[in-house]
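K.L.:
need a structure here:
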Amino acid sequence: MVICLGIEATAHTFSVGIANSEGKILANSRDMYKPEKGGIKPSEAGEHHSSLAAGLIESALKEAKLSAKDIDIVAFSQGPGIPQCLRIGAAVARALSLKLKKPLVGVNHAVAHVEIGKLATGCIDPLVLYVSGGNTQILACIEGSYRILGETQDIALGNCLDQFARELGIPHPGGPKIEELASKGKWIELPYVVKGMDVSFSGILAEAVRLLKNGAKKEDLAFSMQETCFSMLTEVTERALAHAGKKEILLVGGVAANKRFRKMLDIMAEERSAKTFLVPIEYATDCGANIAWTGLLVWKGSGETKLQESKINRFWRADEVNVTWL
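P.N.:
Numbers count the residues shown, from 1 in each chain. Predicted coordinates:
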């Protein structure tokens, strides 16, 4: 049995997870950087991650009832993400790998969300809807690699909701509070922007902010933003499902926690005789468990990442990953 320690540090969260090759998550310690106001400040997030790294590694080992010598592989999120955050995670992983004299494995953050979702839900060959603060993509494994069938052309949906929340004076992350406000709102028309298989959220955000400043109720705008954005994604997901010929839909990423979004997808899937799978909340947001499990898969399929190849890649797309384990 092989044991992997995974380090996640792509954005606001620094997390250390431990998984074994039998598919068991042994630990998932984490801490989230929360700015006093506004969005993520990269330099502050990097300082946060650096200050907590050693303690979280110790915490994860304690949770797993292991010592450092029990670790066989050290994995880390190599990209995509915020450079100041990625560099801290990569540096910690390299140092730990060298100290323990264990293989180092770089992991694509988006692919890690997909693979932990498959592990946790038991789905086999899903169409994946990945919706988070930094990503909005529809993926499917076709001919041995993850293909992106649709994505946002500007900001991610999670980012859109967080930015609107800040306009309302809601601290980061704003998604949960937006969902709460939406439960009390009524419909206001907002732009519906679907371009082929892609979507766009920046115009919706701009119009919602304009209406807010003109006196529209925050509850009504929260409701309308959710209904509009989720409907757009449900539409393109339905087309992707038909195109890819899949019968499973896997929803991953932080926005997967939204109950209204899940209900829309469930209705659409039922009409297409497909089944919806939802990643458990503990793995929906950024965490080291995702990286640890995917690190095992990458190591099995491709071996270790050489030190000279471990440079971070802030724009690393899921469709650029050599998926050797499928």
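
K.L.:
need the helices for this protein, in chain order.
P.N.:
Under the criterion DSSP state H, the chain contains helices at 42-64, 83-100, 109-121, 157-167, 175-182, 202-213, 218-244, 259-271, 281-284, 288-302.

K.L.:
Dump these into a markdown table; add distance to I71 as well.
P.N.:
C-betas here are computed from N, CA, C, even on glycine. Output for the helices of the chain, formatted as a markdown table (distance: least, CB to CB, whole Å):
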| stretch | distance to I71 |
| --- | --- |
| helix 42-64 | 8 |
| helix 83-100 | 6 |
| helix 109-121 | 18 |
| helix 157-167 | 32 |
| helix 175-182 | 34 |
| helix 202-213 | 43 |
| helix 218-244 | 37 |
| helix 259-271 | 36 |
| helix 281-284 | 20 |
| helix 288-302 | 10 |
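
K.L.:
of those, which approaches I7 most closely?
P.N.:
For I7, the closest of the helices of the chain is helix 83-100, at 4.9 Å, according to CB to CB.

K.L.:
hang on, the earlier thing: kindly reformat the helices of the chain as a markdown table containing mean pLDDT and mean neighbour count.
P.N.:
Listed next are the helices of the chain as a markdown table, based on pLDDT from 0 to 100; neighbours: other CB atoms under 10 Å:
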| stretch | mean pLDDT | mean neighbour count |
| --- | --- | --- |
| helix 42-64 | 95 | 18 |
| helix 83-100 | 97 | 20 |
| helix 109-121 | 96 | 25 |
| helix 157-167 | 93 | 22 |
| helix 175-182 | 91 | 19 |
| helix 202-213 | 97 | 17 |
| helix 218-244 | 96 | 20 |
| helix 259-271 | 95 | 15 |
| helix 281-284 | 90 | 17 |
| helix 288-302 | 97 | 27 |
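
K.L.:
just checking, W316 touches S77?
P.N.:
No. Applying CB atoms under 8 Å, one finds W316 not in contact with S77, separated by 9.6 Å.

K.L.:
Now do the shared contacts for the two.
P.N.:
When contacts are counted by CB atoms under 8 Å, 6 or more residues apart in numbering, W316 and S77 are jointly contacted by N108, H109.

K.L.:
Of the two, which one has the most company?
P.N.:
The neighbour comparison of W316 against S77 (other CB atoms under 10 Å) goes to S77, with 33 against 20.

K.L.:
so who does that one touch?
P.N.:
G6, I7, E8, A9, T10, L86, G89, V107, N108, H109, A112, I291.

K.L.:
mind running it again at 6 Å?
P.N.:
By CB atoms under 6 Å, 6 or more residues apart in numbering, the residues touching S77 are E8, T10, G89, V107, H109, I291.

K.L.:
Next one: the fourth one from F76, what distance?
P.N.:
It refers to V107. V107 sits 7 Å away from F76, going by CB to CB, to the nearest Å.

K.L.:
and if you look at the second one?
P.N.:
Distance, T10 to F76, using CB to CB: 10 Å.

K.L.:
hmm, back to that, who wins for proximity to R147 among the helices of the chain?
P.N.:
Of all the helices of the chain, helix 218-244 sits nearest to R147, with 8.3 Å by CB to CB.

K.L.:
tell me the angle that closest one makes with helix 175-182.
P.N.:
Angle, helix 218-244 to helix 175-182, by axes from the mean of the first three to the mean of the last three CA atoms, to 10 degrees: 110 degrees.

K.L.:
now for the helices of the chain, which one comes closest to M32?
P.N.:
Among the helices of the chain, the nearest to M32 by CB to CB is helix 42-64 (8.6 Å).

K.L.:
And the contacts of that closest one?
P.N.:
Against helix 42-64 from outside (CB under 6 Å, 6+ apart): 9, 14, 16, 18, 26-27, 29, 31, 33, 82, 84-85, 88, 92.

K.L.:
farthest pair in those residues?
P.N.:
Once CB to CB is applied, the contacts of helix 42-64 give L26 and Q84 as the farthest pair, at 29.1 Å.

K.L.:
quick one on the thing from earlier: could I get the contacts of S77 as JSON lines with distance to S43?
P.N.:
Listed next are the contacts of S77 as JSON lines, based on distance: CB to CB, whole Å:
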{"residue": "E8", "distance to S43": "19"}
{"residue": "T10", "distance to S43": "16"}
{"residue": "G89", "distance to S43": "15"}
{"residue": "V107", "distance to S43": "24"}
{"residue": "H109", "distance to S43": "20"}
{"residue": "I291", "distance to S43": "23"}
